[in-house]
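> Sharing a sequence plus its predicted fold:
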Amino acid sequence: MATNVLLPQWGMNMEDGTLTKWLVKEGDEIAEGQPLVEIETAKINSELESPASGVVAHIMADEGSLVKVGELVAVIAEPGENAPRPEPGSPTSPASARRRRRRTGGRPADGGARQQVTPVARRLARENDISLDEVTGTGPRGRVTEQDVRDAIEARQSRPRVQVVPRARMLARQEGLDLADVVGSGPNGRILVADVERAIAERDAGAARADAVAEVMPLTGLRKTIADRMTMSVSTMAQVTLTTEADVTDLLKLRESLVAEWRPHRLRPLDLDLIIAAVAEALKTHPRLNSHLVNDEVLLLEDVNIGIAVAVPDGLVVPVLRGAQVLDLLGMARAMRELADKTRKNALGIDDVTGAGFTVTALSNYDIDAFTPIIDPPQVAILGLGRANRKPVVVDGEIVVRSMMHLSVTFDHRALDGVPVAEFMRTLKSNLESPEALLSES
């Protein structure tokens, strides 16, 4: 029996992915676990592996296609099996697809007319990079025939051939941009994603030139995903922020004292190493902040997995320090350096960016004292760190200079009240102001 290959959900926040490169073609033999196609999501690039051994019977989406989670992307048949071709994008089995076609008379569920294409025409179009949406069918009931595709190939050859990368073609289609108006900057005039983005910006800026707009920057890619996620976050949550101030003078001294001790391990201690250790200890004491809110249920998580927001060009990624509750300080530091190295190399995997129960984000390197972080759902809380600022404070009735840091926790008031969050912040503040305890916990 044929096996359907569906786009899986790699993390609770994943909604879709772009098929950037097929690693097989129809008719290829394939083994279970062998990579089928490269997928680009909002957070990572990964490979979708075959769930079964057999023959690639049908490829259901072209390179550059944006596919929703759960949609059908390929069919793996058993050797010798003649598996029927399901409807494009179907998340159901071939048998279910046939039943649905009988119920709808061969039309899609939305009532629109489904384009009929002969198998030879479909293969010929794929081999010659012809979009079937642009081919007029002359067969019975508008069916696209082999000759229709050959006519489209001949018509294209009669005009200058312009190479277009799949993602650029998809972006142009989404934005209603005619590729004939785009000047390619790639080899031999190949149109790149940047060329399409530039053309979109120029088009959109044309209507606003009277307003003396210096530059138009369209929200695309990672920036668009962040915009959608943050808008959804603030519009669906009752977010409240509490702020306090911690004396981190002793923490900074402890970090300096660890420099020589960690030198044999080829690691230089960072303030963030100690801060994350303090956060992990506080979450162990206050597990309600280490949770997800899903379908009106608060799910307390067993492991302390801490997301650490990292700035990348045009956005943020949040690699996840997993199992922090069982790591000592040095183990945490090593794991964080490994995540940082993967981030720099754009090599983060699925497990590296999913499963966080709590997130830490910092602007301490930018002379920011305090800010209001925004929660990444389904998490219910996030910690924002300001800079460690030396200033006069009163200690034991005397004015002394100490290094002070603002801590801001934004929480979802649907899942938490102010008191448990304040208690968490009090524990965290104590951990930061008495950091020697973090070494004893190691």
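Sure thing, it's come through. Numbering: from 1, shown residues only.

> could you say what helices and strands the strand or helix carrying E338 packs with?
Using DSSP states H and E, E338 sits in helix 329-344. For helix 329-344, the elements it packs on are helix 271-285, strand 310-312, strand 320-321, judged by 3 or more Cβ pairs under 8 Å, 6 or more residues apart in numbering; DSSP states H and E. (C-beta placed from N, C-alpha, C; glycine too.)

> tilt between the longest one and helix 329-344?
It stands for helix 271-285. 110 degrees (axes from the mean of the first three to the mean of the last three Cα atoms, to 10 degrees).

> Make 543 the starting number, not 1.
All set: I'll call the first residue 543, so the last point we hit is now helix 813-827.

> Give me the mean pLDDT for helix 813-827.
The average of the pLDDT scores along helix 813-827 is 97.

> One more: stretch 782-795?
pLDDT averaged over stretch 782-795 gives 97.

> in that stretch, what's buried?
By 16 or more other Cβ atoms under 10 Å, the buried positions in stretch 782-795 come out as 783, 785, 787-791, 793-794.

> From the residues you listed, which land in strands?
Judged by DSSP state E, the subset of the buried residues of stretch 782-795 located in strands is 783, 785, 787-789.

> thinking again about what came up before, and S592, which of the helices and strands packed on helix 871-886 is closest to it?
strand 862-863 (27.0 Å; Cβ to Cβ).

> Any idea which of the helices and strands packed on helix 871-886 gets closest to K567?
Of all the helices and strands packed on helix 871-886, strand 852-854 comes closest under Cβ to Cβ, at 33.7 Å.

> buried set for that closest one?
Buried residues in strand 852-854 (16+ other Cβ under 10 Å): V852.

> Quick one: list the elements packing against the helix or strand following it.
Once the chain leaves strand 852-854, the next helix or strand it forms, by DSSP H and E, is strand 857-859. Contacts defined by 3+ Cβ pairs under 8 Å, 6+ apart place strand 857-859 against helix 763-778.

> Report the rounded mean pLDDT for the helix it packs on.
On average, helix 763-778 scores 79.

> Can you add distance to R886 and give the ones in strands among the buried residues of stretch 782-795 back as a markdown table?
Listed next are those as a markdown table, based on distance: Cβ to Cβ, whole Å:
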| residue | distance to R886 |
| --- | --- |
| T783 | 31 |
| T785 | 32 |
| E787 | 32 |
| A788 | 30 |
| D789 | 33 |
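
> Among those, find me the one that's closest to R830.
Looking across these and measuring by Cβ to Cβ, the closest to R830 is T783, at 17.1 Å.

> now the buried residues of stretch 782-795 as JSON lines including distance to S972?
Converted to JSON lines, those look like this (distance: Cβ to Cβ, whole Å):
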{"residue": "T783", "distance to S972": "20"}
{"residue": "T785", "distance to S972": "17"}
{"residue": "E787", "distance to S972": "13"}
{"residue": "A788", "distance to S972": "9"}
{"residue": "D789", "distance to S972": "11"}
{"residue": "V790", "distance to S972": "12"}
{"residue": "T791", "distance to S972": "14"}
{"residue": "L793", "distance to S972": "12"}
{"residue": "L794", "distance to S972": "17"}
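
> Just the helices from this protein, written as ranges.
636-646, 661-669, 688-699, 708-716, 735-748, 763-778, 791-804, 813-827, 871-886, 892-895, 960-975, 978-982 (DSSP state H).

> and among these, the most buried is which?
Highest mean neighbour count among these (mean count of other Cβ atoms under 10 Å): helix 813-827, with a mean of 22.

> For that helix, which helices and strands make contact with it?
Looks like helix 813-827 contacts helix 791-804, strand 848-850, helix 871-886, strand 900-904, strand 923-937, helix 960-975, helix 978-982 (3+ Cβ pairs under 8 Å, 6+ apart).

> Can you name the residues in contact with it?
Here helix 813-827 makes contact (Cβ atoms under 8 Å, 6 or more residues apart in numbering) with 790, 793-794, 796-797, 831-832, 846, 848, 850, 863, 866-867, 869, 871, 874-875, 878, 899-900, 902, 904, 906, 925, 927, 930, 966, 969-970, 973-974, 977, 979-980, 983.

> chain center to it: distance?
25 Å (Cα atoms, centre = their mean, to the nearest Å).

> Same check on stretch 865-873?
26 Å.

> Output it as CSV, nothing but the C-alphas.
Output of stretch 865-873 as CSV, limited to C-alpha atoms (Å, rounded to 0.1, in the frame of the first residue of the first chain):
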residue,chain,number,x,y,z
GLY,A,865,17.6,20.0,30.2
ALA,A,866,19.0,22.9,32.1
GLN,A,867,17.8,21.4,35.4
VAL,A,868,20.4,18.7,35.2
LEU,A,869,23.4,20.7,33.9
ASP,A,870,26.1,22.3,36.0
LEU,A,871,27.4,25.7,35.3
LEU,A,872,30.2,24.5,33.1
GLY,A,873,27.9,22.2,31.2
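
> before we move on, the earlier item: who's in contact with the helix holding E880?
Residues contacting helix 871-886 (Cβ under 8 Å, 6+ apart): 804, 807, 809, 811-812, 814-816, 818-819, 822, 850, 852, 854, 859, 861-864, 866, 869, 890-891, 894, 980-981, 983-984.

> please redo it, this time with the cut-off set to 6 Å
By Cβ atoms under 6 Å, 6 or more residues apart in numbering, the residues outside helix 871-886 that reach it are 809, 815, 818-819, 852, 861, 863, 890, 980, 984.

> tilt between it and helix 791-804?
Computed by the same axes, to 10 degrees, the angle between helix 871-886 and helix 791-804 is 90 degrees.

> Distance check, the closest residue to A573 other than its chain neighbours against I848.
Distance criterion Cβ to Cβ, 6 or more residues apart in numbering; nearest residue to A573, sequence neighbours excluded, is S595 at 5.0 Å. If you measure S595 against I848 using Cβ to Cβ, to the nearest Å, the figure is 39 Å.

> Can you pick out the residue with more neighbours from those two?
I848 (26 against 15; other Cβ atoms under 10 Å).

> correct me, but that one touches A866?
Yes. Look at I848 against A866 with Cβ atoms under 6 Å: they come within range, at 5.4 Å.

> And this protein, what are its domain boundaries?
545-656, 708-760, 765-982 (automatic domain parsing).

> Could you check how far A619 is from N546?
From A619 to N546 the distance is 11 Å (Cβ to Cβ).

> And for L800?
Between L800 and N546 the computed distance is 53 Å (Cβ to Cβ).

> T969: what's it in contact with?
824, 827.

> one more time with 7 Å, if that's ok
T969 makes contact with 824, 827-828, according to Cβ atoms under 7 Å, 6 or more residues apart in numbering.

> Looking at those, spot the one nearest P920.
Among the contacts of T969, and counting by Cβ to Cβ, the member closest to P920 is H828, at 18.2 Å.
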